[in-house]
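*Asks:* next come a sequence and a model predicted from it.
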Amino acid sequence: MEPASATLLTFGVILLFGSWLLMLKESFEEDFTWGLTTLFVPPLAYFYGFFAWERAKEAIVMSLFGWVLIFLA
């Protein structure tokens, strides 16, 4: 793997993890059930994020940027 590709992949994964943590924080603040769902079924966290766009838009944008970096790698 080339260094540039490895760097993009690493930063993409870090952004995805960070966005999940932000989504976890926001979902627990909104509702305990959504928080548990976000914790145990991470893909549903982004499903919650689209319904609570005003609260979770930062995490959604961060995850989209992370996916872009991963695909560029």
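*Replies:* Yep, that arrived. Residues are numbered from 1 along each chain as shown.
*Asks:* for the residue nearest the centre of the chain, what is the enclosing helix or strand?
*Replies:* Centroid check for the chain by C-alpha atoms, centre = their mean gives S19 as the closest residue, at 3.2 Å. Using DSSP states H and E, S19 sits in helix 3-30.
*Asks:* mean confidence score for that helix?
*Replies:* Helix 3-30 shows a mean pLDDT of 91.
*Asks:* residues of it that come out buried?
*Replies:* 8-9, 12, 15-16, 19-20, 22-24, 26-27, 30 (16 or more other C-beta atoms under 10 Å). Using the backbone N, CA and C atoms, a C-beta is placed for each residue, glycine as well.
*Asks:* who are the packing partners of it?
*Replies:* Counting by 3 or more C-beta pairs under 8 Å, 6 or more residues apart in numbering; DSSP states H and E, the packing neighbours recorded for helix 3-30 are helix 32-40, helix 42-51, helix 53-72.
*Asks:* so what touches the first one?
*Replies:* Spelled out, that is helix 32-40. For helix 32-40, contacts defined as C-beta atoms under 8 Å, 6 or more residues apart in numbering pick out 20, 23-24, 27-29, 44-45, 48.
*Asks:* can you rerun that using 6 Å?
*Replies:* For helix 32-40, contacts defined as C-beta atoms under 6 Å, 6 or more residues apart in numbering pick out 23-24, 27-28, 44-45, 48.
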